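Participant: pasting the structure only:
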């Protein structure tokens, strides 16, 4: 019974358990630190300074991501993870010591804490997924990521409950000490991850194509050019700006509202922990019972679109709140329309950490292995900070001119709708990337991807299938030809013209066999491009076409049969007077027209030989 529910294979289980337990510790610590930071900052400084923090975080993240990108490929993922953990241990112990024992007030401490914690946890989470990507290949990832995501949500749930408990009985400053302890506990787990990976002899190179050495040099693999050549990464880049603007508008209004609801930092930390716990529990249920089914039924690309719809709904709830008089009050009771802000936050974090995170991390498996680490660093360490910075600057500007809150929230809805529109390209881009980077010998997985491509709309499937026409696997190429010609797209042959030199001769013959009587005249460029490559192929095609046209004249028919007779004589009769014999040949043919597109020749050829 358990095997039917859990799709993890026996040989994958040790890796899943070790990686999953590490994620529990990582996400639990992240929530403890984030809640401790937020409660301290809001009570000491106030929510109005948060947009400025976003801008500073963005600038610092750009610097850190540049340094991270330089080191991520030079050390094993486990060694770098331990280094990041050790850095966090020292930092969290330091924060706890200052908040607990220092009698001196440090004016800049709330700002340093807010920025430092956010940058650190961002790097920690980015590198965690790098560790996971080196532990499972793309096909294992589709089976196990739902369970890894569930372990992360379990950690978030424990972190939220733990924050509520710790802040109530020991004070909010003790949250940083708790985070440091979890970081210490995670170090031996990292060693266990490495051991299970070595025992399984995992190699993430198995399902990717061999790449030209000129394309995989250290300069090329680390360059923006190599990353930007991937359509999927371009789509994720375009989506980042509207997504993070929407996220931070929701987060900013959430913190601003909660700052008006709670005065005590301990009470605020306790409530933030409850919201995180409830959201995580719902997310965990989604992850266990829904996400894996969505990945199997809809695929990775479609599943990643759940989150854009979710935060757009959250932005709508925020807009409704902003239109009420309560939104501008100095103090707000919790059990009022303020709960709409909590719902908006719920739509963000519950879906982000359950459905979106797992699906998005799976997307990176489709890009070439040699740029996977850099791709994650580029999206999470460069594009995300830039988007956060722009969102922060917009919020700084809006607050400086006292822009009404409903105008700001309306912009978040517009950004959400833009995100949905841009996200429509994810599925075709992902499947094209997967097909391009699966080894040609891996026919089983290539067929699986092709089946998913065939489920797309005609316009999306077309450009994915066109690449498969050039495949060395004749079965795959024929599958693509059948699907493409069934679309009856007049522009198809114009697209094929660009890749005709890479198509196998047998596949070209099959494509030509799909031509009807009028196709030759409509697509002369396509015919000429084939003629340049293989003139004999076009010659044979033109002869066959005459036989299959709807209407024939007697002279053209005689010419074709004359050639056939000549061929037979050359094969069976060794005579010097072939031309004389052909002149004396009598040809009788009967043409039966079936429809306007085809005809069948029924007849007999009588050869009389005179001595």
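Facilitator: Here it is on my side, so go on. Here the structure is a predicted model, which is why all the values come from computation and not from measurement.
Participant: for the stretch 251-400 of the chain, which spans come out with low pLDDT?
Facilitator: When residues are selected by pLDDT under 70, those of the stretch 251-400 of the chain lie in 292, 373.
Participant: Please report the distance of the residue nearest the centre of the chain from residue 290.
Facilitator: Geometric centre of the chain, nearest residue: residue 363, 3.0 Å, by CA atoms, centre = their mean. Distance from residue 363 to residue 290, counting by CB to CB, to the nearest Å: 19 Å. (Glycine included, C-beta is placed from N, CA and C.)
Participant: for the stretch 201-350 of the chain, what spans make up the helices?
Facilitator: In the stretch 201-350 of the chain, the segments counted as helices under DSSP state H, counting those that start in this stretch are 218-222, 224-228, 231-261, 265-286, 292-297, 300-303, 306-322, 339-351.
Participant: how about the ones you listed in CSV, adding distance to residue 137?
Facilitator: Below are the helices of the stretch 201-350 of the chain laid out as CSV (distance: least, CB to CB, whole Å):
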stretch, distance to residue 137
helix 218-222, 19
helix 224-228, 21
helix 231-261, 18
helix 265-286, 25
helix 292-297, 16
helix 300-303, 14
helix 306-322, 24
helix 339-351, 26
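Participant: Of these, which stretch is the most buried?
Facilitator: Of the helices of the stretch 201-350 of the chain, the one with the most neighbours on average (mean count of other CB atoms under 10 Å) is helix 300-303, at a mean of 25.
Participant: Return the residues in contact with residue 153.
Facilitator: 27, 280-281, 283-284, 287, 353-354 (CB atoms under 8 Å, 6 or more residues apart in numbering).
Participant: Please name the residues that touch residue 173.
Facilitator: 36, 40, 96, 99-100.
Participant: In ChimeraX, select just the buried ones from these.
Facilitator: Typed into ChimeraX, the line below selects the buried ones among those, using 16 or more other CB atoms under 10 Å:
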select :36,40,96,99
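Participant: Can you tell me which of the contacts of residue 173 is nearest residue 58?
Facilitator: Residue 58 lies nearest to residue 40 out of these, by CB to CB, at 21.3 Å.
Participant: any idea how far residue 487 is from the closest one?
Facilitator: With CB to CB as the criterion, residue 40 and residue 487 are 59 Å apart.
Participant: Then residue 76?
Facilitator: For residue 76, the distance to residue 487 (CB to CB) stands at 47 Å.
Participant: Those two: who's more crowded?
Facilitator: More crowded of residue 76 and residue 487, by other CB atoms under 10 Å: residue 487, with 14 against 11.
Participant: so that one touches residue 462, yeah?
Facilitator: Yes. With contact defined as CB atoms under 8 Å, residue 487 counts as touching residue 462 (6.5 Å).
Participant: Next, count neighbours for the closest residue to residue 231 other than its chain neighbours.
Facilitator: Nearest residue to residue 231, sequence neighbours excluded (CB to CB, 6 or more residues apart in numbering): residue 429, at 4.5 Å. Counted with other CB under 10 Å, residues neighbouring residue 429 total 23.
Participant: pretty sure residue 429 is touching residue 239, no?
Facilitator: No. Using CB under 8 Å, residue 429 is not in contact with residue 239; the gap is 10.9 Å.
Participant: any common contacting residues for these two?
Facilitator: Contacts common to residue 429 and residue 239, judged by CB under 8 Å, 6+ apart, are absent.
Participant: What's the separation between the closest residue to residue 234 other than its chain neighbours and residue 371?
Facilitator: Distances taken as CB to CB, 6+ apart put residue 228 closest to residue 234, at 6.4 Å, once the chain neighbours are dropped. The gap separating residue 228 from residue 371 is 10 Å, by CB to CB.
Participant: Please produce TSV containing the contacts of residue 173, extended by distance to residue 436.
Facilitator: Listed next are those as TSV, based on distance: CB to CB, whole Å:
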residue	distance to residue 436
36	45
40	48
96	49
99	52
100	55
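Participant: can you pull out the strands in the chain?
Facilitator: 586-593, 599-606 (DSSP state E).
Participant: rewinding a little: out of the helices of the stretch 201-350 of the chain, which comes closest to residue 536?
Facilitator: Among the helices of the stretch 201-350 of the chain, the nearest to residue 536 by CB to CB is helix 231-261 (36.9 Å).
Participant: Between helix 339-351 and the closest one, find me the angle.
Facilitator: 140 degrees (axes from the mean of the first three to the mean of the last three CA atoms, to 10 degrees).
Participant: quick one: helix 231-261 to chain centroid distance?
Facilitator: Centroid separation between helix 231-261 and its chain, computed with CA atoms, centre = their mean, to the nearest Å, is 18 Å.
Participant: Could you do stretch 388-407 as well?
Facilitator: 30 Å.
Participant: Buried residues in it, which are they?
Facilitator: Neighbour-count burial for stretch 388-407 [16+ other CB under 10 Å]: 388-392, 394-396, 398-399, 405-406.
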